[in-house]
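Enquirer: sequence and predicted structure below; questions after.
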Amino acid sequence: MTDPRNHLKERACLRVDAHRERLTSLSSRIHATPELNFEEEQAAAWLTDFLEGCGLRVERGAFGLKTGFAAHAGSGGPKIAILCEYDALPGIGHACGHNIIAAAGAGAGVALASILAETGGSVVVLGTPAEEGGGGKILMAREGAFDGIDAAMMIHPAGVDMPGMNVLAVSQLQIEYKGRGAHAAAFPQRGINALDAMVTAYSAIAQLRQHIRPNERIHGIITDGGQAANIVPERSAGVFMVRAATAPRLEQLKERVLGCFRAGAEATGAELQVRPMVEDYSDMWTNSPLVTAYGANADRIGRGLLQPSPLTDAFAGSTDMGNVSKLVPSIHPMIAVAPPYVPLHSVEFARWTASEHADRAVIDGAKMLAMTAIDVLCDNDLRSAMRAAFEAQRSSAG
């Protein structure tokens with residue numbers, strides 16, 4: 001017997017195709033107008049205008065964030081959240097391809113809105129600002145953005161199609177040393193060199209890197225090293241990121257890194273201040289039944305997913321979608337827009353996110369998300385399996 005979902009999926013895909021030019025134009029405009037954390041006013045306006053024009057009920061400035069939004073369709077029944085990201089990176093623009101995430105999410109939402117009368121249930125397209133270090137999803141979650149959600153999903157550009165990214169938990173730290181300024185030639189003995197404290201810590205961290213797990217990372221930049229070469233620096237500052245496979249391992253590694261910073265203070269007499277820049281990003285609980293459904297829909301349109309391998313393991317990063325995955329069943333699959341050798345967060349990858357391959361990813365991504373949401377809306381057994389897998393992950397995490 002023919003699965004009735006097939007007809008709904010065909011209609012959803014046709015709906016995406018009907019908006020092809022508008023969706024790829026959205027992606028191109030966002031790419032050409034990169035906006036940083038919490039400043040994505042133009043991107044949010046373009047997305048909400050499009051969604052509202054297609055009949056969704058749009059709430060701008062949603063969940064306490066000026067550039068956040070929630071666009072609703074349907075009511076009652078299972079509820080699906082499709083997530084959009086649209087912030088850029090300093091200096092290199094959309095080198096993470098959030099323009100593609102945004103346009104694909106909007107396309108999926110519009111496609112789903114057109115068939116909800118037959119499936120029942122509801123969809124919300126969530127505009128989530130500031131993924132690149134601002135933790136927008138975490139802030140929205142605190143305000144109830146994911147209350148009552150049965151599944152949350154998004155796609156992310158990469159060099160290959162795969163079920164998900166190797167998501168590491170991450171802590172972002174603002175480091176500051178305060179010393180005492182002095183003339184570096186006449187009275188160096190009266191100074192306390194804050195830059196020496198930072199360099200000592202930086203060197204200690206470099207040595208620590210030899211003795212951490214392969215899936216752990218420590219990296220950072222010095223943002224202030226003094227004002228003049230003939231003045232003992234009275235202040236130094238930096239931003240550092242610590243990553244690990246799980247939240248508990250992150251806490252262990254972070255304590256070792258903090259020991260390096262304390263060593264800088266002890267060695268020089270400078271005063272150390274450590275401030276978290278945002279709540280820690282979590283590792284990702286990829287929901288197995290949900291990502292299996294996504295994989296079947298990827299096959300349906302000719303995008304077979306690369307299964308876990310050394311290549312997929314190399315695609316490591318962090319995202320506040322990890323925090324969402326600890327609240328509701330979630331997936332964060334990757335969609336190819338560039339060759340596998342092109343790294344994310346590079347100028348070269350930014351060029352690929354405005355290419356014909358990027359346009360195809362917008363359309364294919366919208367279709368795969370919409371079809372997967374249809375599976376969730378129409379299949380009670382899938383929803384039960386998703387929930388069981390989610391609860392099992394929660395229990396194993398303690």
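Expert: Everything's here; your move.

Enquirer: let me see the contact set for Ala95.
Expert: Neighbouring residues of Ala95 by C-beta atoms under 8 Å, 6 or more residues apart in numbering: Ala88, Leu89, Leu344, His345, Ser346, Val347, Phe349, Ala350, Thr353. Glycine gets a C-beta too; all of them are placed from N, C-alpha and C.

Enquirer: try it again at 7 Å.
Expert: Ala95 makes contact with Leu89, Leu344, His345, Ser346, Val347, Phe349, Ala350, according to C-beta atoms under 7 Å, 6 or more residues apart in numbering.

Enquirer: show me which pair in the residues you listed is furthest apart.
Expert: Comparing all pairs in these by C-beta to C-beta, the longest separation belongs to Leu344 and Val347, at 11.4 Å.

Enquirer: figure out the length between the terminal residues of stretch 261-280.
Expert: End-to-end span of stretch 261-280 (C-alpha to C-alpha, to the nearest Å): 19 Å.

Enquirer: and the contacts of it?
Expert: Stretch 261-280 has contacts (C-beta under 7 Å, 6+ apart) with 133-135, 138, 169-179, 192-194, 196-198, 200-201, 204, 247, 250, 258.

Enquirer: with stretch 46-55 instead?
Expert: Applying C-beta under 7 Å, 6+ apart, the contact partners of stretch 46-55 are 22, 26, 29-30, 58, 60, 69, 71, 84, 86, 102, 106, 109-110, 113, 125, 127.

Enquirer: buried residues, it. List them.
Expert: For stretch 46-55, a neighbour-count test (16 or more other C-beta atoms under 10 Å) marks Trp46, Leu47, Thr48, Phe50, Leu51, Cys54 as buried.

Enquirer: and the contacts of stretch 46-55, which of them are in strands?
Expert: Filtering these for membership in strands, criterion DSSP state E, returns Val58, Arg60, Phe69, Ala71, Cys84, Val125, Gly127.

Enquirer: make TSV out of the buried residues of stretch 46-55 and add secondary structure, pLDDT and distance to Asp364.
Expert: Listed next are the buried residues of stretch 46-55 as TSV, based on DSSP: H, G, I helix; E, B strand; the rest coil; pLDDT from 0 to 100; distance: C-beta to C-beta, whole Å:
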residue	secondary structure	pLDDT	distance to Asp364
Trp46	helix	98	21
Leu47	helix	98	19
Thr48	helix	98	24
Phe50	helix	98	19
Leu51	helix	98	20
Cys54	coil	98	19
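
Enquirer: mind putting the residues you listed in CSV, distance to Ile222 included?
Expert: Rendered in CSV, the data for those read as follows (distance: C-beta to C-beta, whole Å):
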residue, distance to Ile222
Trp46, 37
Leu47, 37
Thr48, 39
Phe50, 42
Leu51, 42
Cys54, 47
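
Enquirer: and those, which is closest to Gly93?
Expert: Distances from Gly93 to the buried residues of stretch 46-55, taken as C-beta to C-beta, are shortest for Trp46 (16.1 Å).

Enquirer: ok, and what's touching the helix or strand that Tyr177 is a member of?
Expert: Assignment of secondary structure by DSSP states H and E places Tyr177 within strand 169-178. With contacts defined as C-beta under 7 Å, 6+ apart, strand 169-178 is touched by 133, 194, 197-198, 234-244, 246-247, 250, 254, 261, 264-265, 270-278, 280-283, 318, 322.

Enquirer: what about those, which are in helices?
Expert: Filtering these for membership in helices, criterion DSSP state H, returns Ala194, Ala197, Met198, Ala247, Leu250, Lys254, Phe261, Gly264, Ala265, Gly322.

Enquirer: hang on, isn't the last one packed against Met284?
Expert: When you say that, I think you mean Gly322. Yes: look at Gly322 against Met284 with C-beta atoms under 7 Å: they come within range, at 4.3 Å.

Enquirer: between those two, which contacts overlap?
Expert: Overlap between the neighbourhoods of Gly322 and Met284 consists of Val167, taking contacts as C-beta under 7 Å, 6+ apart.
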